[in-house]
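**Student:** Need coordinates for the following:
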Amino acid sequence: MACLLTKGPVAVILYGWTPDPDEIENPDLSVLEGVVCRQFQKLSAGAFSGFDAIPIPFIKHACLPVRCDGKFKQVNVLVPLMARLFRVLLSESKVPACWTTQKKKEGRQAEPHP
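**Tutor:** Residues are numbered from 1 along each chain as shown. Take a look at the predicted model:
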């Protein structure tokens with residue numbers, strides 16, 4: 001793989017060179033929980049489940065009533081678990097191999113994402 005490095009008007013092609021990855025701070029767990037919760041709410045009940053075959057409605061509606069300020073509120077019990085999982089994946093800079101493959105609508109396996 002060749003990379004093009006430009007410095008002023010001069011361009012240099014470097015072979016085998018890859019840039020250092022961007023470093024980011026891991027977000028707070030409460031921030032990740034908010035992001036996961038919003039994404040769960042956006043899930044379409046008619047969408048295909050992944051290779052794990054967990055139905056999307058289960059993920060979206062895995063809620064229990066929790067008393068908050070004297071009122072009951074439905075809280076998704078999977079949100080804190082998924083937020084912790086994403087925090088570990090971010091801190092380790094890893095993506096599970098099974099997450100890099102998609103399922104086609106006809107049920108056939110597609111090529112892995114690059």
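**Student:** Same question for the helix or strand hosting Arg87: list its buried residues.
**Tutor:** Applying DSSP states H and E as the criterion places Arg87 in helix 78-92. Residues of helix 78-92 classed as buried by neighbour count (16 or more other C-beta atoms under 10 Å): Leu78, Val79, Pro80, Met82, Ala83, Phe86, Arg87. Every C-beta, even on glycine, is put in place using the N, C-alpha and C of the backbone.
**Student:** and what of stretch 40-49?
**Tutor:** For stretch 40-49, the neighbour count (16+ other C-beta under 10 Å) marks Phe40 as buried.
**Student:** same thing with stretch 95-103?
**Tutor:** Within stretch 95-103, not a single residue qualifies as buried, counting by 16+ other C-beta under 10 Å.
**Student:** where does this structure dip in pLDDT?
**Tutor:** 1-21, 51, 102-114 (pLDDT under 70).
**Student:** Helices along that one, start to end?
**Tutor:** Assigned by DSSP state H, the helices in the chain fall at 29-42, 56-60, 78-92.
**Student:** Do I have it right that Leu78 meets Phe40?
**Tutor:** Yes. Counting by C-beta atoms under 8 Å, Leu78 does reach Phe40; the two are 7.3 Å apart.
**Student:** where do the contact lists of the two overlap?
**Tutor:** In terms of C-beta atoms under 8 Å, 6 or more residues apart in numbering, Leu78 and Phe40 are both contacted by the residues Ile59.
**Student:** between the helices of the chain, which one is nearest to Phe48?
**Tutor:** Phe48 lies closest to helix 56-60 among the helices of the chain, at 7.8 Å (C-beta to C-beta).
**Student:** For the closest one, which helices and strands make contact with it?
**Tutor:** Judged by 3 or more C-beta pairs under 8 Å, 6 or more residues apart in numbering; DSSP states H and E, the packing partners of helix 56-60 are helix 29-42.
**Student:** I am finished for the moment; much appreciated.
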